[in-house]
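> all I have is the shape, not the residue letters:
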């Protein structure tokens, strides 16, 4: 059996391996600790995070692996007597990854109850609200974070601006009062362009920037941003190419529009919103009508 100082060192070693991305070796360490320390929540948390990273590496295609991560996270929270913010936050981020948004909201909310104002936890909660379509709540979270933007790293500010831009974009889509809609769209463009200025190689920032610019009818800028997103290997290739097809169609470049529409169709739509956009765009190009543009979730 490991002594108390020894288990602390082992857990630290396992956590360091997770930081390095070596989840297999980390899992070996936590499994070795498991039998002798069945009531130490840190062991369960280490196993949960190891399986979480394994699921990420396989695009969450293994349901059994995801369930084991869930079970270990739940046990870690139980054994910590619901007092460990990091256990709540880690489980919340896992639920966000697998799109179980109610559970993500619950766990990130409790994590923030222990560490109010934490950047990563706040961003995760805001994204959870955004994905649920609770845009005003997302905006409240992001605007609160904005007050401390000067103390953030460039990367963190970029992520915050991208999500603020996305929130204002979604709000602009549902507003019927045109001056307010245009104002929110202007805010969206300002934030996504600021995000690109902070990190010109960021795929998400360029993707959002391209979509917002397209909606603002700044087509040359939209083309540049969407191409940059594709070059940066965006995780939304279907949306990026559909956006380019839309831009070229509006510019009257039919061959380029059809080319990128066909490329978009070779990729699986990233979510239902993108699938609807792709379908509508294809119909648009057949009927020569204007389209509306979504933004990625």
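Perfect, thanks for sending it. Owing to the predicted nature of the structure, the values given are computational and were not obtained by experimental measurement.

> what sits closest to residue 187 if chain neighbours are left out?
Spatial nearest neighbour of residue 187, chain neighbours left out: residue 168 (4.2 Å); criterion: CB to CB, 6 or more residues apart in numbering. Glycine gets a C-beta too; all of them are placed from N, C-alpha and C.

> now for the residue nearest to residue 114 when sequence neighbours are not counted: which residues touch it?
Using CB to CB, 6+ apart and skipping the chain neighbours, the partner closest in space to residue 114 is residue 85 (3.7 Å). By CB atoms under 8 Å, 6 or more residues apart in numbering, the residues touching residue 85 are 110-111, 114-115, 118, 121.

> in helices, which of those fall?
110-111, 114, 121 (DSSP state H).

> quick check, nearest of these to residue 194?
residue 121 (23.0 Å; CB to CB).

> would you enumerate the residues in contact with the closest one?
By CB under 8 Å, 6+ apart, the contact list for residue 121 reads 85, 89, 92, 108, 111-112, 115.

> and if we set it to 6 Å?
Residue 121 sits next to 89, 108, 111-112 when contact means CB atoms under 6 Å, 6 or more residues apart in numbering.

> residues in contact with residue 37?
Residues near residue 37 by CB under 6 Å, 6+ apart: residue 43.

> what about it, which SS state?
With DSSP: H, G, I helix; E, B strand; the rest coil as the basis, residue 37 sits in coil.

> phi first, then psi, for it.
Note on residue 37: backbone dihedrals following degrees, to the nearest 10 are phi -130, psi 60.

> now do it, the pLDDT please.
Here the pLDDT value assigned to residue 37 is 92.

> show me where the stretch 101-250 of the chain has helices.
Secondary structure of the stretch 101-250 of the chain, counting by DSSP state H, counting those that start in this stretch: helices at 101-114, 119-131, 135-146, 154-174, 178-198, 203-215, 219-231, 237-250.

> out of those, flag the one nearest residue 256.
helix 237-250 (4.1 Å).

> now residue 169: closest residue in space, sequence neighbours ignored.
Spatially, and ignoring its direct neighbours in sequence, residue 169 is nearest to residue 188 (4.0 Å; CB to CB, 6+ apart).

> residue 214 now?
Sequence neighbours aside, residue 222 is the residue nearest to residue 214 in space, at 4.0 Å (criterion: CB to CB, 6+ apart).

> repeat that for residue 115.
Excluding the flanking residues, the one nearest residue 115 by CB to CB, 6+ apart is residue 85, at 4.8 Å.

> what's the answer for residue 133, then?
Closest residue to residue 133 apart from its sequence neighbours, by CB to CB, 6+ apart: residue 170 at 7.7 Å.

> that neighbour: neighbouring residues, count only.
Residue 170 has 19 neighbours, counted by other CB atoms under 10 Å.

> which non-adjacent residue is nearest the most centrally placed residue in the chain?
Centre of the chain computed as the mean C-alpha position; nearest residue by CA atoms, centre = their mean is residue 127, 6.9 Å away. Closest residue to residue 127 apart from its sequence neighbours, by CB to CB, 6+ apart: residue 163 at 6.2 Å.

> distance check, that neighbour against residue 287.
34 Å (CB to CB, to the nearest Å).

> neighbour count winner among these two?
Applying other CB under 10 Å to residue 163 and residue 287 shows that residue 163 carries more neighbours, namely 24 against 7.

> okay, now the unreliable bits of the protein?
The model of the chain has pLDDT under 70 over residues 1-5, 288-297.

> on that earlier part again, closest one to residue 137 out of the contacts of residue 121, please.
The nearest member of the contacts of residue 121 to residue 137, counting by CB to CB, is residue 108 at 12.4 Å.

> give the burial count for the closest one, as a bare number.
When neighbours are counted by other CB under 10 Å, residue 108 comes out with 28.

> and what of the one 4 residues further on?
The number of residues packed around residue 112, counting by other CB under 10 Å, is 20.

> quick revisit: adding distance to residue 99, write the contacts of residue 85 out as a markdown table.
Putting those into a markdown table (distance: CB to CB, whole Å) gives the following:
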| residue | distance to residue 99 |
| --- | --- |
| 110 | 19 |
| 111 | 19 |
| 114 | 25 |
| 115 | 24 |
| 118 | 22 |
| 121 | 18 |
